[in-house]
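Visitor: My questions are about this predicted structure, shown below with the sequence.
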Amino acid sequence: MGRYDEVYQAAQADPEAFWAAAAEDIDWVTRWDRVLDDSDPPYYRWFAGGELNTCYNAVDRHVKNGRGAQAAIIYDSPVTDTVRTITYTELQDQVARFAGALAARGVGKGDRVIVYMPMVPEAAVAMLACARLGAVHSVVFGGFAANELATRIDDATPKAIVSASCGIEVAKVIAYKPLLDAAIDMAAHKPDFCLILQRPQVAADLVDGRDENWDDVMTAAEPHGPVPVAATDPLYILYTSGTTGQPKGIVRDNGGHAVALKWTMKNIYNIDPGEVYWSASDVGWVVGHSYIVYAPLLHGATTLFYEGKPVGTPDPGAFWRVISQHKAVSLFTAPTAFRAIRQQDPEGEHIGKYDLSHFRALFLAGERCDPDTLTWAEEKLGVPVIDHWWQTETGWAIASNCLGIELLPVRAGSPTRPTPGWDLRVLDAEGHEVPAGTIGALAGKLPMPPGTFPTLWNAKERYFHSYLANYPGYYETGDAGIIDEDGYIHVMARTDDIINVAGHRLSTGAMEEVLAAHPDVAECAVIGVADTLKGQLPVGFVVLKAGAGDGAVTQEVVQMVRDRIGPVAAFKSAAVVQRLPKTRSGKILRATMRKIADGEEFKPPATIDDPAILDEIKETLAGIGYPKAG
């Protein structure tokens, strides 16, 4: 039995003992009464009765234990040509003073604060300051549309909003203050005050009596100490799009979150305190919460704040420059970032320009990683490339190759096996387990491990019906896939991306794997469109690599699917497009594309990167015989 099996089975056999041991790496004000409170299933709580402060664990204790002079945050912003280092001592001072500023204006334990910020260190300062006071932060992706921000203001009812004058994209500056002002005008709830970070690129107009300048506030602020909170108290609310159009506020608690994320840094990512760790995401997403801000700082590592893109700031070598310059030992990003790099630099020529000798591993998540992208990254980087699977709801990985425990054989297309603490099953529509290798709904047996989400903000019934009702005793992930004979998980698609072709249940993800294997394809998507004869038919979209001509790519990928999956797939239509519609975090909007193809009414998701792409998709679909879309 390997080391992974030992650790996994220990977590399965006695989860309370397993997580109690992990909790010893966190500083507690009051130890817990019960590791797992299972008195009200299916609503479970971890470390009930315990008290702690997450900010103290992420900042103050490292200063106390001798890491004060170590870099806590490295800010690297190619869009502003800025590199800045903040030590743990400096971070402690900034966070304590900003907490003092919030407290002086009436923010206390349990109050909500919305953070609407770009990728600057002040975003982390605001988040940690809220945690210091026991206030609940809700980060909204900077630049989010005013009406979407307004819905979050009304749901969270914040006492304060922290924002900046602008965010910076590759070729444009986005003024945030007009969006914030419009959102507050739209919202029924009004914040007591707003604190605005003025950036040199844009000066924001401040509203008298409501808005204050960040720098002025910090100059006058008195430091505030960490406030003990219950382990089961909320740390933050993070909104994710709901199927009804009403956003769902994912709640993360303090105790289980700190324990689980601290544990993952060594056991999953194999990071030691003092090392430089980089998660190329944004604080507006769950990855940014977990692995830009909280986990690295809880672990005493150095975290990278990167305000830029994988390409275009200035070229496809941007990631390699950052890794080399700051000696990052690990990178965590989305597969879409690597597809963008590969599209512009298919031979990986930029990689050779930088010293990556200290770089140990690449982690990919956020969407399904096609085997071709994983293989390309392995060949070009020469380090383990780990596809791992998790969700906004779970807060950390459901499945991963756990580098700090044991590197299991990498299998392209699989995030390996469940992480310790997760008991994952594949279920049919009636909730029965299916045989190994059979596709079904991926579900986690309750209780979920610490660090996941105990509820939705002010929506306990919605939490139950969205995640727990369909399969009693399980968390419904909403993803479909298989677990093979060796226990490896294959996440094939969202459950609504399983299509039914003439009675055959087929995964669009499996077809995408085939399309992605074509040498000229940079990225792709397959959707199921309505068909009167067969129920649904698959349609493929491919984006070509730089320099590749259209040629016969569409005919070739159709034949590849026929050869590898078979005629049963009835895959006959594919089209070349310049780009795919995506969220800002890189997820392809397959459900929206499907509605366009089927002639259904649709609303562009709030998280869409560029709504104009949908018009291009509409024209493309019309051009290949789907007149409903025209």
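Guide: Structure received.
Visitor: residue ranges of the helices in the stretch 151-300 of the chain, please?
Guide: Here the stretch 151-300 of the chain has its helices, by DSSP state H, counting those that start in this stretch, at 177-186, 214-220, 255-267, 286-288, 295-299.
Visitor: May I ask which helix or strand of this protein has the lowest mean pLDDT?
Guide: strand 504-507 (a mean of 70; mean pLDDT, DSSP states H and E).
Visitor: Can you say which of the helices of the stretch 151-300 of the chain is nearest to Val229?
Guide: In terms of CB to CB, the element of the helices of the stretch 151-300 of the chain nearest to Val229 is helix 255-267, at 8.8 Å. Glycine gets a C-beta too; all of them are placed from N, C-alpha and C.
Visitor: Quick one: mean pLDDT for the closest one?
Guide: Averaging pLDDT along helix 255-267 yields 98.
Visitor: what's the single longest helix in this structure?
Guide: In the chain, taking DSSP state H as the definition, the longest helix is helix 88-104.
Visitor: Tell me which helix or strand comes right after that helix.
Guide: As assigned by DSSP states H and E, the chain's next helix or strand after helix 88-104 is strand 112-116.
Visitor: could you say what helices and strands the very next helix or strand once past that next one packs with?
Guide: Sequence-wise, the next helix or strand downstream of strand 112-116 (DSSP H and E) is helix 121-133. Secondary-structure packing of helix 121-133 (3 or more CB pairs under 8 Å, 6 or more residues apart in numbering; DSSP states H and E): helix 54-55, strand 71-77, helix 88-104, strand 112-116, strand 136-139, strand 234-240.
Visitor: Now do helix 121-133 against strand 71-77: the angle between them, please.
Guide: 140 degrees (axes from the mean of the first three to the mean of the last three CA atoms, to 10 degrees).
Visitor: could I get stretch 613-627 in PDB with only the CA atoms?
Guide: These are the backbone C-alpha positions of stretch 613-627, laid out as PDB (Å, rounded to 0.1, in the frame of the first residue of the first chain):
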ATOM      1  CA  ILE A 613     -18.600  36.900 -29.200                       C
ATOM      2  CA  LEU A 614     -22.100  35.500 -29.000                       C
ATOM      3  CA  ASP A 615     -23.000  37.300 -32.200                       C
ATOM      4  CA  GLU A 616     -20.100  35.500 -33.900                       C
ATOM      5  CA  ILE A 617     -21.300  32.200 -32.600                       C
ATOM      6  CA  LYS A 618     -24.900  32.900 -33.800                       C
ATOM      7  CA  GLU A 619     -23.600  33.600 -37.300                       C
ATOM      8  CA  THR A 620     -21.400  30.500 -37.300                       C
ATOM      9  CA  LEU A 621     -24.300  28.300 -36.300                       C
ATOM     10  CA  ALA A 622     -26.500  29.800 -39.000                       C
ATOM     11  CA  GLY A 623     -23.700  29.100 -41.500                       C
ATOM     12  CA  ILE A 624     -23.600  25.400 -40.800                       C
ATOM     13  CA  GLY A 625     -27.300  24.800 -41.000                       C
ATOM     14  CA  TYR A 626     -28.900  25.900 -37.800                       C
ATOM     15  CA  PRO A 627     -31.300  28.500 -39.100                       C
END
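Visitor: roughly how far is that stretch from the heart of the chain?
Guide: A distance of 30 Å separates the centroid of the chain from that of stretch 613-627, by CA atoms, centre = their mean, to the nearest Å.
Visitor: State the distance from Asn500 to Ser507.
Guide: Separation of Asn500 from Ser507 (CB to CB, to the nearest Å): 11 Å.
Visitor: Of the two, give the one with the bigger neighbour count.
Guide: Ser507 (23 against 12; other CB atoms under 10 Å).
Visitor: Give me the neighbour count for the nearest residue to that one once chain neighbours are set aside.
Guide: In this structure, Ser507 finds its nearest non-sequential neighbour in Met492, 3.8 Å apart by CB to CB, 6 or more residues apart in numbering. Other residues within reach of Met492, judged by other CB under 10 Å, total 24.
Visitor: My guess is Met492 contacts Ile499. True?
Guide: No. In this structure, Met492 is not within contact of Ile499 by CB atoms under 8 Å, at 11.1 Å.
Visitor: and for the two, which residues touch both?
Guide: Thr508 (CB atoms under 8 Å, 6 or more residues apart in numbering).
Visitor: I'd like to know how many residues surround Trp396.
Guide: 26.
Visitor: let me fix that: Ala101
Guide: For Ala101, using other CB under 10 Å, the count is 25.
Visitor: That one and Leu195 touch, don't they?
Guide: Yes. At 7.2 Å, Ala101 counts as touching Leu195 under the criterion of CB under 8 Å.
Visitor: Look at Phe47 and say how many residues are nearby.
Guide: 29.
Visitor: Next, give phi and psi for it.
Guide: Geometry field for Phe47 lists phi and psi as phi 60, psi 40, criterion degrees, to the nearest 10.
Visitor: Quick check: Gln325 vs Met218, distance?
Guide: Gln325 is 28 Å from Met218, by CB to CB.
Visitor: Compare neighbour counts for these two and give me the winner.
Guide: Met218 (18 against 13).
Visitor: follow-up on the earlier one: quick check: neighbours shared by Ala101 and Leu195?
Guide: Val217.
Visitor: related to what we said a few turns ago, most tightly packed of the helices and strands packed on helix 121-133?
Guide: Mean neighbours per residue, mean count of other CB atoms under 10 Å, is largest over those for helix 54-55, with a mean of 30.
Visitor: got a list of what Tyr354 touches?
Guide: Gly317, Trp320, Arg321, Ile323, Ser324.
Visitor: wait, which of those residues is closest to Pro384?
Guide: Ile323 (15.0 Å).
Visitor: sorry, back to before: tell me which entries of the contacts of Tyr354 lie within helices.
Guide: Going by DSSP H, the helices hold Trp320, Arg321, Ile323, Ser324 from the contacts of Tyr354.
Visitor: Now do the contacts for the first one.
Guide: Read it as Trp320. Going by CB under 8 Å, 6+ apart, the list of residues near Trp320 reads His350, Ile351, Lys353, Tyr354, Leu356.
Visitor: Help me confirm that the last one is found in a helix?
Guide: No. The assignment for Leu356 (DSSP: H, G, I helix; E, B strand; the rest coil) gives coil, which keeps it out of a helix.
Visitor: ok, it to Trp390 distance?
Guide: Counting by CB to CB, the separation of Leu356 from Trp390 is 26 Å.
Visitor: who has more neighbours, the two?
Guide: Taking other CB under 10 Å, Leu356 and Trp390 do not tie; Trp390 has more neighbours (23 against 18).
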